[in-house]
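*Asks:* 3D model of this:
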Amino acid sequence: MKKVIFLVRHCKAAGQDPSAGLTPEGNLQAQELARFFESQEVNRIISSPYTRAIQSIDPTVDKLGIRLEIDDRLAERVLSSGEMPDWMERLRASFHDLDLKFSGGESGLEATERAMEVLRDASDGTVLVTHGNLLGLILKRIDESYGYEEWVKLSNPDVYKVEIEEETHQVMRIWE
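*Replies:* Numbers count the residues shown, from 1 in each chain. Here you go, the predicted model:
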């Protein structure tokens, strides 16, 4: 049986803190997402607990009349608990070595595993709202050709459609 899952990166945010909300531009993008999902078959919406993810999908929840579920497994990956002035280089390295783990953080493999649990448990027509690093890792798990360079190209927001049939996954970007 085939199922379709939508992976969404949150809209433009005012910061990286879990409580950071959307910018005025991000709020407009959230309205665009709601219009976009009106033409899709959506039955369920699950979001990261971060404010920017919830605010990104709230207009869709309102427009479609679907209850929003929160799942901590969709929270952004913590690269490290300490300051990392060279975090972009460290992130790049972590895409190439999924076992790489920095102080107080989680490896790419650990983050991917928790996110893939949500994807496996999702029913047909589910929207999963998450963050850039985690989305990039999910895409890499589904299609090995995705990596750091593709992560850099992700937009805020971004939407990917994943078609799952048995153990086969196909992914395509559907946000323009």
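
*Asks:* in the protein, which spans are strands?
*Replies:* Ranges of strands in the chain, per DSSP state E, are 2-9, 44-47, 68-70, 126-130, 158-165, 168-173.

*Asks:* Okay, now the sheet partners of the last one, with direction.
*Replies:* Counting by DSSP bridges, the strands paired with strand 168-173 are strand 158-165 (antiparallel).

*Asks:* So for the strand it pairs with, what gets flagged as buried?
*Replies:* 158-160, 162, 164 (16 or more other Cβ atoms under 10 Å). C-beta: built from backbone N, CA, C; applies to glycine.

*Asks:* From the residues you listed, pick the one nearest Ile142.
*Replies:* Nearest to Ile142 among the buried residues of strand 158-165: Val162, at 6.5 Å, using Cβ to Cβ.

*Asks:* what sits against the nearest residue to that closest one once chain neighbours are set aside?
*Replies:* Excluding the flanking residues, the one nearest Val162 by Cβ to Cβ, 6 or more residues apart in numbering is Ile5, at 4.6 Å. Listed by Cβ atoms under 8 Å, 6 or more residues apart in numbering, the contact set of Ile5 reads 119, 122, 124, 126-128, 161-162, 164.

*Asks:* From these, which shows the smallest pLDDT?
*Replies:* pLDDT across the contacts of Ile5 is lowest for Ile164, at 92.

*Asks:* How much space separates it from Met116?
*Replies:* Applying Cβ to Cβ, to the nearest Å, the value for Ile164 to Met116 is 11 Å.

*Asks:* and if you look at Asp99?
*Replies:* 16 Å.

*Asks:* Ile57 contacts Leu33, correct?
*Replies:* Yes. If you go by Cβ atoms under 8 Å, Ile57 and Leu33 touch, sitting 6.9 Å apart.

*Asks:* Of those two, give the one with the bigger neighbour count.
*Replies:* Taking neighbours as other Cβ atoms under 10 Å, Ile57 and Leu33 compare with Ile57 leading, 27 against 24.

*Asks:* residue contacts, the most centrally placed residue in the chain?
*Replies:* Centrality entry for the chain: nearest residue to the mean C-alpha point is Thr130, 2.9 Å, by Cα atoms, centre = their mean. Contact analysis of Thr130 by Cβ under 8 Å, 6+ apart lists 7-10, 47-48, 53, 74-76, 115, 138.
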